[in-house]
Structures are given as structure tokens and as C-alpha cells.
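Undergrad: A structural model of the following input is requested.
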Amino acid sequence: MVIIVSYIQLRDILEGGMDGKKVHLRGWVHRIRKQKKMVFVLLRDPSGVVQTIIKKDVVSEEEYAGAEKMLIESLVSMVGTVKADDRAEGGFEVQIEEFNILHFAEEFPITENQSTEFLNDNRHLWMRSRKLTNVLKIRDEVFRSAREYLRNEGFFETTSPMFVSTMGEEGADLFEVEYFGKKVYLTQTSQMHLEPQLFAMEKVFILAPSFRAEKSRTRKHVTEFWHLEVEEAWCDHEGNLKRQEGLISHMCHAIADNRKPELKELGVDSDRLYSVKAPFDRMTYTDAIDICQKAGLKIEWGQDLRTEAEHILTDDREEFLFVEYYPKAIKSFYMKDNEADPRTYKNNDLLAPKGFGEMIGASERESDYQKIIDNLNRIGDDPKKYEWYLDIRKYGSVPHSGFGVGVDRLMTWMLDLEHIRDCIPFPRTVSRIFP
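TA: Numbering: from 1, shown residues only. Next up is the predicted model:
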């Protein structure tokens, strides 16, 4: 006869209502403190940590000998009674009556005050830390809430290839790959493969990796990042701005609603997420250049807004900021002409407050076949490389817009993290491809 034991999550204890109840627990030894006749174990599972106490005169000799021998990260199961205790972490302690070691761990290599480089070398172990565990649980909510918003708005999730034959973004280096004797690239963006799909489904999105071979060593750059890309038919520039506002606001509020314990443990005030509401602030690229010049930055109209400019525009700002109508010379060929200023496209970047940088790149897409040909010729690119992409402008071309969200950058702002790698399970940077 098989006896099925019902184990509880540690969060059930921490949320209260279990004082005096007998519980079955299992998890990893997060911290341990050994005294002469008792062993204090801070037990960890994905939901939290709870203090337990194993007394020599309560458990069997064999069980207590195991408790004295075990090291942190050993895997254990326990049976005990919950007691409220203000002195214990989380306000509760479990007094153990039965104790079983499922696996004796070796001496854990990560201790206090390790260097960032050492922690990243051992990231496969470091992710057990409370900080990274909480970050990864919030990451799950970021993905879930993005899908929730878009599906509720009638979007279909789809997929696109990671190997591509053409570039999608000017100014961003590509990773070249040998593909059965041909030269192809890892995708910078799925946009060009999303657009044909909206002609079938009208509203589509993808959540997938993108790759940029930029040799940037800043807190905002990784070579592989998670990219939420959205394309929508019958949507103009103004509609595109509203869609971005709706998505970002929904994601921020969902994190604040559904990950309160994790935010609290990370020291993040949920009010900064609740404060994200439409409409966002807006300014033109031309006005942004003027502001930067008046602040003493040496920048001319036609140059891109780099890190220093982003700081000037957002360091004192509490709200997200749309910068719209960038020059054609620094943006991609598929964007819609801005009739009000023929030097520019109908596009925008979304900048986060406090200098965290660009979260979104977006535009209304050009629906006129010949104008795209003209744009490609202007930048010296061969239209023949884009025949398949240009085809969709020949057969029922429809007004449409789209954007891409750098999910990792958005999380970096949400959680006020020091570096973008701090929100990625296994980050890839210019100097790191391991573990």
C-alpha cells in the first residue's frame, strides 16, 4: 500500500493561519546553525524560507545525527508543528518531530561576499539565492501578463525563424552563421516574419530571443535578449502608441498585484509599478535634441540619442517618455513617412524613467511598395534581397504598425536592478558564454 503524503508550500505558513497545525515540509537547507542539543534549519522551497528547529530529545538518534552532519543545500523532508514566533525569520517556526535527509549535499562553493565574476561563473548554483529566485518568479509573471494582455486584445501568439538571410535593423551588428555552405544570421528581430502573418490573422505577437553582436559593455546590453514583438493591422502611429501604453501599464500592474511577497523581499516599492498609467509623456525627436543641446551635450540633429542623451531626458522624470518622429537616416527602411516632416518617419522609442534607457522601438510600417523600394535604394541596400518581404505589399497591402519590447530591460527598470544580467537566468554578454 502506497501512502501519499501531502506536502505544503512554505508560503502557506508565512501567510498565517497554520499556527498550531502539524505540517509536512520538504525543501533545501538554506541556512543552518548547530548547537549542543538542537539544530536550527532555515528551510527553503520556491515559495519562501521558514525557520525549523530539530531537537535532540524529540527526533530519533539517527535523525539527529543526520541533522548534525548535513550541510547547506542538503535536500530534506520534515514533519512538525507550526508555532508563531516573532524572533524567527518570517514570524513562524516549525518544531520538528520527524526528519529525513533525502540527499547529503557537498560543501557549497558560494559563501558571503563573493565577487560578481565568481557568482556569474557559478550562476547555475547562484540562482538558488533568494534574490535571483524572486527575480525569476517575477520574470515568469512578466511573460504571463504580456501574453494575458495581448490575448485579451485579440492577438495570436506565433513563431518566427531564428536563422534569417537579411538584416532587420540598421546599425546593429549581426551574428553570422555558416548554414550548409551559406552565410545566414541569427535574427535581430522577428518583425519581418511577423508582418506576413498579420495578413492572415491581423493581430500577432512573438516572445522569443533576439541577437545583437554589438560590442557594448554597459549595464543595459546583452548579446541575447528576450524580445516581445507585436504587429497589428488597421493600426496607425497614434494607435500604436496607445497599444504600447496599454501593454506596459498592464504588465507593471500585474507584477504589483501578483508578486507582492517577491517585490517586498527585493525591497521594491510596488507603488512605482502602480504609478505607470496612460497616457505617457511625449516629445518629438527634434525637441529632444534641443533639450540635450541646451543641457550642454554636443549632439546634432540627425544623430541618435545615446546613453548620455537618455539620461538628460529622463533622469529627473517619474513617467515613461515617448520620443517620436526620428530621422530617416538613423532608422529602418520599412517605416512610414511622416508627412508633417518629410525628414522623419512615424516612429517612436519608449524611454524609461531615471536613465534606464530605451524599452521599446516602434513605428507605423510603410504599406506602399514603391516607397520601400525607394528607401532601400536610398540606403544602398539591394531590394532583390527582400523580394519575399516586398511581396506582402503587392497583394492587399494593409495599414499596420508594430513594436518590440526589450523584456529584460523592462524588468531591469521594474526591479531597479544594477545590471540587465541580474534578471536573466543565464545571461550572454560580450565576455560571457558560460555557464
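Undergrad: separation between Arg147 and Lys260?
TA: Distance, Arg147 to Lys260, using C-beta to C-beta, to the nearest Å: 21 Å. Every C-beta, even on glycine, is put in place using the N, C-alpha and C of the backbone.
Undergrad: these two: which is more packed in?
TA: Arg147 (15 against 12; other C-beta atoms under 10 Å).
Undergrad: so that one sits in a strand?
TA: No - counting by DSSP: H, G, I helix; E, B strand; the rest coil, Arg147 is located in no strand; its state is helix.
Undergrad: contacts only, for the nearest residue to it once chain neighbours are set aside.
TA: Using C-beta to C-beta, 6 or more residues apart in numbering and skipping the chain neighbours, the partner closest in space to Arg147 is Glu157 (6.6 Å). For Glu157, the contacting residues are Arg147, Leu150, Arg151, Val204, Phe205, Ile206, Leu207, by C-beta atoms under 8 Å, 6 or more residues apart in numbering.
Undergrad: separation between Glu157 and Lys203?
TA: For Glu157 relative to Lys203 (C-beta to C-beta), the value is 10 Å.
Undergrad: where does the stretch 151-300 of the chain dip in pLDDT?
TA: Applying pLDDT under 70 to the stretch 151-300 of the chain flags residues 167-172.
Undergrad: how about the helices in it?
TA: Here the stretch 151-300 of the chain has its helices, by DSSP state H, counting those that start in this stretch, at 191-201, 237-258, 260-266, 271-274, 285-294.
Undergrad: my guess is Lys37 contacts Asp57. True?
TA: Yes - at 7.0 Å, Lys37 counts as touching Asp57 under the criterion of C-beta atoms under 8 Å.
Undergrad: between the two, which is the more surrounded one?
TA: Between Lys37 and Asp57, Lys37 has the larger neighbour count (other C-beta under 10 Å), namely 10 against 7.
Undergrad: which residues does the more buried one contact?
TA: Lys37 touches Lys55, Lys56, Asp57, counting by C-beta under 8 Å, 6+ apart.
Undergrad: if we use 6 Å, what do you get?
TA: Residues counted as contacts of Lys37 (C-beta atoms under 6 Å, 6 or more residues apart in numbering) are Lys56.
Undergrad: same question for the one 5 residues further on.
TA: Leu42 makes contacts with His30, Arg31, Val49, Gln51, as judged by C-beta under 6 Å, 6+ apart.
Undergrad: neighbour count for these - can I get that in JSON lines?
TA: JSON lines is the format used below for the contacts of Leu42 (neighbours: other C-beta atoms under 10 Å):
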{"residue": "His30", "neighbour count": "20"}
{"residue": "Arg31", "neighbour count": "13"}
{"residue": "Val49", "neighbour count": "20"}
{"residue": "Gln51", "neighbour count": "22"}
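Undergrad: how much space between Arg26 and Tyr179?
TA: For Arg26 relative to Tyr179 (C-beta to C-beta), the value is 47 Å.
Undergrad: now swap in Gly396 and tell me
TA: Taking C-beta to C-beta, one finds Gly396 at 32 Å from Tyr179.
Undergrad: show me which of the two is the more surrounded one.
TA: Tyr179 (11 against 7).
Undergrad: not counting sequence-adjacent ones, nearest residue to the more buried one?
TA: That would be Phe163: by C-beta to C-beta, 6+ apart, it lies 6.1 Å from Tyr179.
Undergrad: helix/strand/coil for the residue of the chain most remote from its centre?
TA: The C-alpha centroid of the chain is most remote from Asp57, which lies 48.6 Å away (C-alpha atoms, centre = their mean). What three-state DSSP gives for Asp57 is coil.
Undergrad: check it and give its pLDDT.
TA: Asp57 is assigned 96 on the pLDDT scale.
Undergrad: going forward, count from 39.
TA: Fine by me, first position is 39 from now on; the one you just mentioned is Asp95.
Undergrad: from Met108, how far out is it?
TA: Counting by C-beta to C-beta, the gap from Asp95 to Met108 is 19 Å.
Undergrad: isn't the residue nearest to Tyr217 up against Val222?
TA: Yes - using C-beta atoms under 6 Å, Phe201 makes contact with Val222 at a distance of 5.0 Å.
Undergrad: tell me which element Ile70 is part of?
TA: When elements are assigned from DSSP states H and E, Ile70 belongs to strand 60-72.
Undergrad: got the CA positions of that strand in CSV?
TA: Extracted in CSV, the C-alpha atoms of strand 60-72 (Å, rounded to 0.1, in the frame of the first residue of the first chain):
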residue,chain,number,x,y,z
LYS,A,60,1.1,19.8,12.0
VAL,A,61,2.6,20.1,8.6
HIS,A,62,4.7,18.0,6.1
LEU,A,63,7.6,20.0,4.6
ARG,A,64,10.3,19.4,2.0
GLY,A,65,13.0,21.5,0.5
TRP,A,66,16.6,22.6,0.7
VAL,A,67,18.7,23.6,3.7
HIS,A,68,19.1,27.3,3.1
ARG,A,69,21.0,28.1,6.3
ILE,A,70,21.9,26.0,9.3
ARG,A,71,23.0,26.8,12.9
LYS,A,72,24.1,23.9,15.1
